[in-house]
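Engineer: What shape does this take:
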Amino acid sequence: MTGDDLRAAGAAVQQLFARVPDGAAAVPTLGTDVVGVAAHITSCLTWYAQDLVAGPVEVSAFDVVRRPDADLAETCQQLGAATEVLARVVDTAGPAERGVHDWGLADASGFAGMGCAELLLHTGDVAADRELDWTPPSRLAEATRARLFPWAPADADPWAALLWATGRGELPGREPVTSWRWHCAPLSEWDGTQPR
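Structural biologist: Numbering: from 1, shown residues only. Predicted coordinates:
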């Protein structure tokens, strides 16, 4: 996955957030409000960019925190900036560059996939909890599924498969996922099993 995938996911997310009338509206699935979800995604993307640049050394000297009085418009502007920062870092990273994540030593494609997962899945959480009709572009859902969850069925609807792989939905003929993680290291390092 690439910076252009992140940009496309960011654009789809911004379209949904623009339809939310109240940033203080609750998102019970995530235990916060809509602004809190946007701030969480922003912090994840910021960390991912930093982690890829830092290389295979864990860096955690500070936290990215939400300003208490930030409104949804401000937070979405910051989210857009964080998306672009990660996209640029991904696009300029060399093929051998790796960064630390709790679930593996990710390459640029892995960080792009994780960024897209944060954008798409948490926006899907907002849409579901606020009862807003929203589905990400099928191509992005499929690219994210294939990059991070190669064991998830490729013959299912891409968004449904991504939701299933993260314990957010069900697929016919498949056991529900109750514990999950993604594969962010290069796909060449995947051992062919579904991690738990």
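Engineer: Show residues contacting the one helix or strand Ala11 maps to.
Structural biologist: Here Ala11 is covered by helix 3-17, with elements defined by DSSP states H and E. Helix 3-17 has contacts (C-beta atoms under 8 Å, 6 or more residues apart in numbering) with 34, 38, 41, 45, 72, 76, 79-80, 83-84, 86-88, 90-91, 112, 115-116, 119-120, 123, 126-127, 132, 134, 136-137, 140, 143-144. Where C-beta positions appear, they are placed from N, C-alpha and C, glycine not excepted.
Engineer: quick one: the residue nearest the centre of the chain and Glu142, what's the gap?
Structural biologist: Centroid-nearest residue in the chain: Glu118, 1.7 Å away (criterion: C-alpha atoms, centre = their mean). Here Glu118 is placed at a distance of 17 Å from Glu142 (C-beta to C-beta, to the nearest Å).
Engineer: how about the residue nearest to the centre of the chain, what does it touch?
Structural biologist: By C-beta under 8 Å, 6+ apart, the contact list for Glu118 reads 40-41, 44-45.
Engineer: how near is the residue lying farthest from the centre of the chain to Tyr48?
Structural biologist: Using C-alpha atoms, centre = their mean, the residue of the chain lying farthest from its centre is Gly173. It sits 26.2 Å away. The gap separating Gly173 from Tyr48 is 34 Å, by C-beta to C-beta.
Engineer: got it, and Glu58?
Structural biologist: Glu58 is 13 Å from Tyr48, where distance means C-beta to C-beta.
Engineer: Over to Arg98?
Structural biologist: 13 Å.
Engineer: between those two, who's got more neighbours?
Structural biologist: Ranked by neighbour count (other C-beta atoms under 10 Å), Arg98 and Tyr48 place Tyr48 first, with 27 against 21.
Engineer: how close does the more buried one get to Ala96?
Structural biologist: Distance from Tyr48 to Ala96, by C-beta to C-beta: 18 Å.
Engineer: repeat for Val57
Structural biologist: Distance from Val57 to Ala96, by C-beta to C-beta: 15 Å.
Engineer: On the secondary structure side, give me the element for Tyr48.
Structural biologist: Per DSSP H and E: Tyr48 is located in helix 34-54.
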